[in-house]
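Trainee: Predicted structure and sequence below. I'll ask about it afterward.
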Amino acid sequence: EVQLVESGGGLVQAGGSLRLSCATSGFIFDDYAIAWFRQAPGKEREGVSCYSISDDEAFYADSVKGRFTISSDNAKSIVYLQMNNLRPEDTAVYYCASEVALCTWPPEDDLMNAWGQGTQVTVSS
């Protein structure tokens with residue numbers, strides 16, 4: 001069974017940093033891409049970043065480019081999202097999701113085969 005578990009969310013002041021983790025299990029890590037999405041209250045879910053593990057290729061939304069970095073620890077089957085210089089508009093529930101093979105960018109909900117439960121990120125001004 002494919003499982004994704006996010007952690008690392010919390011409350012931070014504007015300009016601060018957080019690192020989200022997506023721990024995966026139940027599949028061959030190298031055969032998948034992991035995407036991060038976020039959903040703010042009253043807004044649609046949006047793709048934030050995606051990492052194609054086999055190709056070591058990363059993608060970012062324009063709104064986070066230069067501030068967020070996606071990476072992986074292949075030995076632990078974990079994907080991280082390092083978020084620096086956070087802004088109040090980054091406040092949202094962040095989800096990781098898996099997609100077979102390589103990233104589709106921008107990511108599409110329907111192509112994801114598994115989702116985590118989400119982790120709340122709140123950035124105060």
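Mentor: Yes, it's here.
Trainee: Only C-alpha atoms from now on, for both contacts and neighbour counts.
Mentor: Will do.
Trainee: How about residue 20, nearest residue that isn't a chain neighbour?
Mentor: Spatial nearest neighbour of residue 20, chain neighbours left out: residue 8 (4.5 Å); criterion: C-alpha to C-alpha, 6 or more residues apart in numbering.
Trainee: Oops, could you answer that again for residue 89 instead?
Mentor: residue 123 (7.6 Å).
Trainee: And for residue 41, the neighbour number?
Mentor: Using other C-alpha atoms under 10 Å, residue 41 has 9 neighbouring residues.
Trainee: What does the closest residue to it other than its chain neighbours show for phi and psi?
Mentor: Distances taken as C-alpha to C-alpha, 6+ apart place residue 92 nearest to residue 41, at 7.1 Å, with adjacent residues excluded. The phi and psi torsions at residue 92 (degrees, to the nearest 10) take the values phi -180, psi 170.
Trainee: could you check the distance from residue 92 over to residue 37?
Mentor: Residue 92 sits 9 Å away from residue 37, going by C-alpha to C-alpha, to the nearest Å.
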